[in-house]
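S.K.: Give the three-dimensional model of this entry:
(chains A, B and C)
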Amino acid sequence: MTNGAASAARDFAHRLLAWYDRAARRLPWRVPPGSSAMPDPYRVWMAEIMLQQTTVAAVAGYFERFTARWPTVADLAAADDADVMAAWAGLGYYARARNLLACARAVVTEHRGRFPETEAGLRALPGVGDYTAAAVAAIAFGRPAVVVDANIERVIARHRLIETPLPAAKREIKAALAPLVPDDRPGDFAQGLMDLGATICTPRSPACSLCPVMDDCRARSCADLERLPVKPPKKAKPQRYGVAHWIERDERIWLIRRPAKGMLGGMRALPGGEWCATPPPESGIARVDHSFTHFDLRLTLVRGEWPDEATDAAAEGEWWPLSALDAAGLPTLYRKLIDRLREVKE
DNA sequence: CAGGCGTGGAA
DNA sequence: TTTCCAAGCCT
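M.R.: Residues are numbered from 1 along each chain as shown, chains lettered A, B, ... in the order given. Here you go, the predicted structure:
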């Protein structure tokens, strides 16, 4: 690297960190900039897992509940699977909850209860990919890791005018970012870039006039700045249909647990058949339309008898008190369907 | 690499 | 209303 490039890199980090010192979002899992204390790796890891593809607003309450109930990685490792899955209900991407438990137990049994401090060590844990390993290494352990999430992709793709479409651009973006990462405060640098992407360099209508690295941004004068980073076209979602069974006896409802893999894997659910492309003949007692990542579902609720109409007989089940249904930890799909039934009854 | 995998808020 | 998409990971 030339002296000029090294100087420009230091200046980039300096401007970003100065802005972060002033404008950092105060978040439950974050140590304020300037604090000499290092954050608890357990809390950093927990937040990073919850924040995968999930908004800060959605995560905040879950983070507070999880860390209050399981204050340390050893507490979480000792928790019952059913309790953790139920506590995760509503947050989505349930493989994260299964991996959260697997990871906590791996840290306890294979790492003496301490998170690995290197990217490679972290990367080997369940549910920890390139992004999360780099983020935890930088934020919790002060390692100069190259952290690249969707916010940082956007900031760098614009700042360097990288027009290669994602996901191919990822390597280019990481290469452009690497020389900018400072040895001092790499965690604040990563969080500063993410805050910049979340609040200034937004997908639409970015507030360039407030940007601390505007001066040398190559996309600054582009009228179509918002098109960066270039993303691949989206595919249309197919429509699917399903039936769920309302099986009630003695003020209790029959709930099953879904198979560990696949949609809503490992979660409690109403019993029902496979979801397929053709609508069911039944009219049902309630109905809900729910949009998943890769298909739309119309789920119809019908009255059923146990066990004949509990079609997934292989699944384990339990009679759950109707008065405590909110505590069952049902995914949003089923919660919406049951809410609809309650509306009909009233 | 491409596709599976949730949800809710913003525009 | 529809579309987009948010601190991705796994296979």
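S.K.: going forward, measure contacts between C-alpha atoms and count neighbours the same way
M.R.: OK.
S.K.: so A:A87 makes contact with A:G329?
M.R.: Yes - using CA atoms under 8 Å, A:A87 makes contact with A:G329 at a distance of 6.5 Å.
S.K.: ok, which stretches of the stretch 201-346 of chain A are helices?
M.R.: For the stretch 201-346 of chain A, the helices defined by DSSP state H, counting those that start in this stretch cover A:332-345.
S.K.: where are the low-confidence patches of it?
M.R.: Applying pLDDT under 70 to the stretch 201-346 of chain A picks out residues A:306-315, A:345-346.
S.K.: Do a quick rundown of the strands in it.
M.R.: Secondary structure of the stretch 201-346 of chain A by DSSP state E, counting those that start in this stretch: the strands cover A:239-246, A:248-249, A:252-257, A:268-269, A:286-291, A:296-303, A:317-321.
S.K.: right, so of those strands, which gets closest to A:V213?
M.R.: Evaluated with CA to CA, the strands of the stretch 201-346 of chain A place strand A:286-291 nearest to A:V213, the distance being 38.2 Å.
S.K.: Only alpha carbons, please: show that closest one as PDB.
M.R.: What follows is strand A:286-291, C-alpha atoms only, in PDB (Å, rounded to 0.1, in the frame of the first residue of the first chain):
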ATOM      1  CA  ALA A 286     -60.900 -19.600  10.900                       C
ATOM      2  CA  ARG A 287     -58.400 -18.800   8.300                       C
ATOM      3  CA  VAL A 288     -55.200 -16.800   8.000                       C
ATOM      4  CA  ASP A 289     -52.900 -15.600   5.200                       C
ATOM      5  CA  HIS A 290     -49.200 -15.600   6.100                       C
ATOM      6  CA  SER A 291     -46.200 -14.700   4.000                       C
END
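S.K.: just checking, what packs against that strand?
M.R.: In this structure, strand A:286-291 makes packing contacts with strand A:296-303, helix A:332-345, judged by 3 or more CA pairs under 8 Å, 6 or more residues apart in numbering; DSSP states H and E.
S.K.: Could you list the domains of chain A?
M.R.: As given by automatic domain parsing, the domain ranges for chain A are A:3-227, A:239-345.
S.K.: Nearest to DNA strand C, out of the ones you listed?
M.R.: Smallest distance to DNA strand C across these (CA to the nearest atom of the strand): 3.2 Å, for domain A:3-227.
S.K.: So what would you say the end-to-end distance of the closest one is?
M.R.: End-to-end span of domain A:3-227 (CA to CA, to the nearest Å): 32 Å.
S.K.: Equivalent analysis for stretch A:217-236, please.
M.R.: Start-to-end span of stretch A:217-236 (CA to CA) is 35 Å.
S.K.: Same check on stretch A:178-193?
M.R.: From its first residue to its last, stretch A:178-193 covers 13 Å (CA to CA).
S.K.: buried set for it?
M.R.: Within stretch A:178-193, the residues that qualify as buried are A:L180, A:V181, A:P182, A:R185, A:P186, A:G187, A:D188, A:F189, A:A190, A:Q191, A:G192, A:L193, counting by 16 or more other CA atoms under 10 Å.
S.K.: so who does the last one touch?
M.R.: Translated: A:L193. Residues in contact with A:L193 (CA atoms under 8 Å, 6 or more residues apart in numbering) are A:L16, A:N151, A:I152, A:V155.
S.K.: What's the separation between it and A:A135?
M.R.: Going from A:L193 to A:A135 by CA to CA gives 12 Å.
S.K.: What of the first one?
M.R.: Computed as CA to CA, the A:L180 to A:A135 distance reads 16 Å.
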